[in-house]
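Visitor: got a sequence here, can you build the structure:
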Amino acid sequence: MAIINGLDTEKLMKVVETIKQNWEMGKTVWKASTEWKGAFRVQTCSRDFSLMADEPEMLCGTNTAANPVEMVLQAYGACLTIGYAMNAAVRGIELETIKTEVEGEIDLPGFLGLEPPETYGMDKLPGFKTVTATVKIKAKNADESTLKALHEHVVKTSPVGLTLSRPVKVITNLQII
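Guide: From the prediction side, this is the model:
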């Protein structure tokens, strides 16, 4: 078994082959839950893992954790980094460093329910207008063209990146308890 970038490439390829043999196994459902903890503090959970969310002081939070939009940026950066590690490993590329910086621009008036003056050029809809990721990668045994091909593959197969880049049907239900 070859271990590249800390990943068992034989095991990775078995996962790929298993899904090729049974496409139904490729349909997965991921879940998260949240619980309000007072003020703007929210505990988020997925499987056996939890994170806290909060808002910065400038938005009247207590600045005890990243806010949800920062978590979206973190999720994209993490998704890219995992994609590079996995795809490099199965291609035999030994990575030394992957660092990803992600930023996004949000106009706060939409979130606050305000309609900004046209002269400010702000959108009245909340959410990211642009997300920019810069990936810095260093490999022991890959040239520039190999790393560019890896980059193109990772970007076009990033679940979080693709979710951010296209409309997604979002259904939000309310249950009064």
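Visitor: contacts and neighbour counts: CA atoms only from here.
Guide: Fine.
Visitor: what residues are up against the closest residue to residue 89 other than its chain neighbours?
Guide: Among residues not flanking residue 89 along the chain, residue 4 sits closest, at 5.1 Å (Cα to Cα, 6 or more residues apart in numbering). By Cα atoms under 8 Å, 6 or more residues apart in numbering, residue 4 lies in contact with 89, 90, 92, 93, 94.
Visitor: please apply the same query to residue 83.
Guide: Residues in contact with residue 83 (Cα under 8 Å, 6+ apart) are 154, 157, 158.
Visitor: what does residue 44 give?
Guide: Going by Cα under 8 Å, 6+ apart, residue 44 touches 32, 33, 34, 35, 50, 51, 52, 53.
Visitor: also residue 81?
Guide: 98, 99, 100.
Visitor: where does it fall, secondary structure wise?
Guide: helix 68-90 (DSSP states H and E).
Visitor: stretch 98-112: which residues count as buried?
Guide: 100, 102, 103, 106, 107, 108, 110 (16 or more other Cα atoms under 10 Å).
Visitor: ramachandran coordinates for the residue of the chain positioned farthest from its centre?
Guide: Distance to the chain centre peaks in the chain at residue 119, reaching 33.0 Å (criterion: Cα atoms, centre = their mean). Dihedral angles of residue 119 (phi, psi; degrees, to the nearest 10) stand at phi -70, psi -20.
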